[in-house]
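> here is my input; please provide its structure:
(one chain, ligands or ions: 1)
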Amino acid sequence: MKLLHVVGARPNYMKVASVMRAAAADPRFDQVLVHTGQHYDAAMNDVFFADLGLPAPNHYLNVGSASQAEQTAKVMLAFEGVLKKERPDRVVVVGDVNSTLAATLVAVKEGVPVDHVEAGLRSFDRRMPEEINRIVTDSIADGLYTHSPEAREHLLREGRDESQIHFVGNVMVDALDAHLAAARGRHALEADGLVPKGYAVLTLHRPSNVDEPATLERLLAILGDVAEQMPVIFPVHPRTHARLEAARKEGMRVPAGLKLTPPKGYLDFVQLLDGAKLVLTDSGGVQEETTALGVPCLTLRENTERPITCEVGSNVLVGRDRDKVRRELARVLAGEFPTGKRPPLWDGKAAERIVEVWARAM
Ligand code: UDP
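This next block holds a predicted model:
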């Protein structure tokens, strides 16, 4: 069975690495990797291929940054040629980026079955570009691989058939478990002058948080409260970097105590998460990783497509509410923040279960 995997952006690499590694254990699978080039700078790319042991892509589509429409269209145009040349039995897409949607549209119309890993997540916030990508991808993909019970409910409600839905667990957690020992051997804390459980980690990149200068400034002021209690290390996403630079030119001040760095590689970042007293984020993947590690996480959003991290794990939604952040920070400092447990099937074996589904179909 020939599988064609598609990656485009940072959160895709961990998921595809897990699936490719599981399929590589069975010689009946032939695998091809296509990189759309949605994320292209080295800090968001090369280091992840090295850290995760991903093979070099067989095809690189070089689409780069562009508007939502242009980026999606560029992936579609370039991907169609690759698909016709490679003629895979299945196309495998992960997550919710524009490349996920674009590759799915092309493959389904070419009559190639598509498997969507991380299907059924819904924030119910259609202002998020990712939510549109999730809904459309799930409505036309053939195989839907889920990591939590509510994902199945969403898919059934949207008219997908029970037989297409496979509850397999979380491939992001597969990657975490596979690389945790290596991450713990890194020197990421020393490099930034941090001590275990003595700092917070911050990531921010959702357009709703970073695109509007006034919103960004308000958020940073709230994060300044945290920085008064402990150092906050802030690996800055390229999108956020551009917005911060523009806002600084207009006179915005970044609170002292926020330590800005370039984006971290995967292993260093996992070590930082693992050693953190607290994580503040608007990332989807980081909400899951902190739940898997049992590290307190405050999510700087009003909603999440991953509610299981709040119900079972260590995540609390705080939006951009200063009082809520202060309250939760006090609970963390007092050791009263519930660190939860891992949701069912977040056990490092999700990709193996996906491969079993394919093997049964051979
Ligand atoms: N990540 C990383 N370095 C960083 C920030 C994040 O390796 O500086 C990893 C993180 O561990 C997670 C993934 O990137 O696995 C999340 O990606 P991102 O937040 O860009 O996307 P989202 O999950 O929000 O779609």
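> tell me, how many residues neighbour Tyr343?
One thing to correct before we go on: residue 343 is Pro, not Tyr. 22 (other Cβ atoms under 10 Å). All C-beta spots, glycine's among them, are computed from the backbone N, C-alpha and C.
> also Val47?
Counted with other Cβ under 10 Å, the neighbours of Val47 add up to 19.
> isn't it right next to Pro262, touching?
No - taking contacts as Cβ atoms under 8 Å, Val47 lies outside contact range of Pro262: 10.4 Å.
> contact partners for Asp274?
Asp274 sits next to 180, 183-184, 293, 295 when contact means Cβ atoms under 8 Å, 6 or more residues apart in numbering.
> repeat for Ala334
So Ala334 contacts nothing (Cβ under 8 Å, 6+ apart).
> could you pull up phi and psi at the nearest residue to Leu54 once chain neighbours are set aside?
Nearest non-adjacent residue to Leu54, counting by Cβ to Cβ, 6 or more residues apart in numbering: Ala17, 5.0 Å away. Per-residue torsions, Ala17: phi -60, psi -40 (degrees, to the nearest 10).
> picking up where we left off before, select from the contacts of Asp274 the one having the most neighbours.
When neighbours are taken as other Cβ under 10 Å, the top entry among those is Val295 (24 neighbours).
> mind checking how far Val112 is from Gly143?
Between Val112 and Gly143 the distance is 12 Å, computed by Cβ to Cβ, to the nearest Å.
> how about Ala24?
Counting by Cβ to Cβ, the gap from Ala24 to Gly143 is 19 Å.
> check which residues of the helix or strand hosting Gly285 are buried.
Per DSSP states H and E: Gly285 is located in helix 284-293. With burial defined by 16 or more other Cβ atoms under 10 Å, the residues of helix 284-293 counted as buried are 284-293.
> same question, stretch 119-139
119-123, 128-131, 133-134, 137-138.
> can you check the distance spanned by that stretch, start to finish?
10 Å (Cα to Cα, to the nearest Å).
> show residues contacting that stretch.
With Cβ under 8 Å, 6+ apart, stretch 119-139 has contacts from 68, 93, 96-98, 100-101, 104-105, 114, 116, 141, 144-146, 148, 150-155, 158, 160, 165, 206-208, 284, 302-306.
> now cross-check these against the ligand and list the overlap.
Among the contacts of stretch 119-139, the ones lying near the ligand by Cβ under 6 Å from any ligand atom are Gly284.
> what bridges to Thr146?
Thr146 has these beta-bridge partners by DSSP bridges: Phe167.
> was I right about it contacting Ile165?
Yes - under the criterion of Cβ under 8 Å, Thr146 makes contact with Ile165 at 6.2 Å.
> and the pLDDT for Asn209?
If you check Asn209, the pLDDT there is 96.
> roughly how far apart are it and Asp125?
In terms of Cβ to Cβ, Asn209 sits 13 Å off from Asp125.
> residue contacts, the nearest residue to Leu216 once chain neighbours are set aside?
Leaving out its chain neighbours, the residue that sits closest to Leu216 by Cβ to Cβ, 6+ apart is Val210, at 5.4 Å. For Val210, the contacting residues are 204, 216, 239-240, 243-244, by Cβ under 8 Å, 6+ apart.
> cool, thanks, talk later.
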